[in-house]
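Engineer: Provided below for reference: sequence and predicted model.
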Amino acid sequence: ARAALEAVMVRVGPDMDPQAASNAAWGFATLGLMPGAEARAALEAAVVRVGPAMTAQAVSTKIWSVLSLAATRAVPLPAYYPSLWQAACGFEERSLNRVEILMLFHAHLIHTELVGGVARGEMTFPPWIM
């Protein structure tokens, strides 16, 4: 099943929209799977390409997914990780639903308590996160 998931990721990565990229990352994180090099590269390329168009749901899901794998499977944080938090800063708290706020709060805790020391680049968090 893992090989099939990774093959699909490589095949459809170039055509993913923001929601699909976010959902794919969530799927790997929920299953606790570290994507192989090719699948990871395809997913990272998709996120970089569609990042500016991501909704609050897609951004919160992607941030949680990245940090979940970093904390539980020692998956390195991607180079675009700081830009995800920057995107989250662009959303007003009132524009997020409770699940999105909880995901970002949980991700912030994972970052500050477990993986923050390995993050590359300047980190900016939404002022309303704490």
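Structural biologist: Okay, I see it.

Engineer: what comes up buried for the helix or strand hosting R11?
Structural biologist: Taking DSSP states H and E as the definition, one finds R11 inside helix 2-12. Judged by neighbour count (16 or more other Cβ atoms under 10 Å), helix 2-12 contains these buried residues: 5-6, 9-10. Where C-beta positions appear, they are placed from N, C-alpha and C, glycine not excepted.

Engineer: now these as JSON lines including distance to P76 and pLDDT?
Structural biologist: Listed next are these as JSON lines, based on distance: Cβ to Cβ, whole Å; pLDDT from 0 to 100:
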{"residue": "L5", "distance to P76": "20", "pLDDT": "86"}
{"residue": "E6", "distance to P76": "17", "pLDDT": "92"}
{"residue": "M9", "distance to P76": "17", "pLDDT": "91"}
{"residue": "V10", "distance to P76": "19", "pLDDT": "95"}
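
Engineer: what sits up against the lowest-mean-pLDDT helix or strand in the chain?
Structural biologist: Here the helix or strand of the chain ranked lowest by mean pLDDT, DSSP states H and E is helix 18-31, holding a mean of 87. Helix 18-31 has contacts (Cβ atoms under 8 Å, 6 or more residues apart in numbering) with 5, 9, 12, 16, 34-35, 43, 46-47, 50-51, 53-55, 57-59, 61-62, 64-66, 68-69.
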